[in-house]
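Colleague: sequence? don't have it. structure:
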């Protein structure tokens, strides 16, 4: 499912225009992104928890020169842990 498919289904079920629904979906994603960038977790009951995790610095291999080692810097990465209701629905 793509974002446009999601917007279409939500708009049809909520009986609102696709334009309005697109604005709402974009705002939800923007707020989740802003919270993660600020180091906060976002918990949606029955769905799951979005969080930002620290990835440690590590040594990797340059894909263009297999014998050359490169240092990959530490960074934050987004993470998602599914809630119990979501896990059960998918099973």
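Modeller: Thanks, I have the structure now. Every value quoted in this text rests on a predicted model; they were computed, and no experiment measured them. Residues are numbered from 1 along each chain as shown.
Colleague: as a check, name the ranges of all strands in the protein.
Modeller: 42-44, 48-55, 58-61, 69-72, 75-82 (DSSP state E).
Colleague: now tabulate those strands in TSV and tack on mean neighbour count and distance to residue 28.
Modeller: C-beta here means a position set from N, CA and C on the backbone, and glycine is covered the same way. TSV is the format used below for the strands of the chain (neighbours: other C-beta atoms under 10 Å; distance: least, C-beta to C-beta, whole Å):
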stretch	mean neighbour count	distance to residue 28
strand 42-44	14	10
strand 48-55	14	11
strand 58-61	10	33
strand 69-72	10	31
strand 75-82	12	14
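Colleague: got a markdown table for those, with mean pLDDT too?
Modeller: A markdown table is the format used below for these (pLDDT from 0 to 100):
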| stretch | mean pLDDT |
| --- | --- |
| strand 42-44 | 96 |
| strand 48-55 | 95 |
| strand 58-61 | 94 |
| strand 69-72 | 93 |
| strand 75-82 | 95 |
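Colleague: the ones you listed into a markdown table, with extra columns for distance to residue 5?
Modeller: Conversion of the strands of the chain to a markdown table gives the following (distance: least, C-beta to C-beta, whole Å):
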| stretch | distance to residue 5 |
| --- | --- |
| strand 42-44 | 20 |
| strand 48-55 | 20 |
| strand 58-61 | 36 |
| strand 69-72 | 35 |
| strand 75-82 | 20 |
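Colleague: quick one, which of these is nearest to residue 2?
Modeller: Of all those, the one in closest proximity to residue 2, counting by C-beta to C-beta, is strand 75-82 (18.2 Å).
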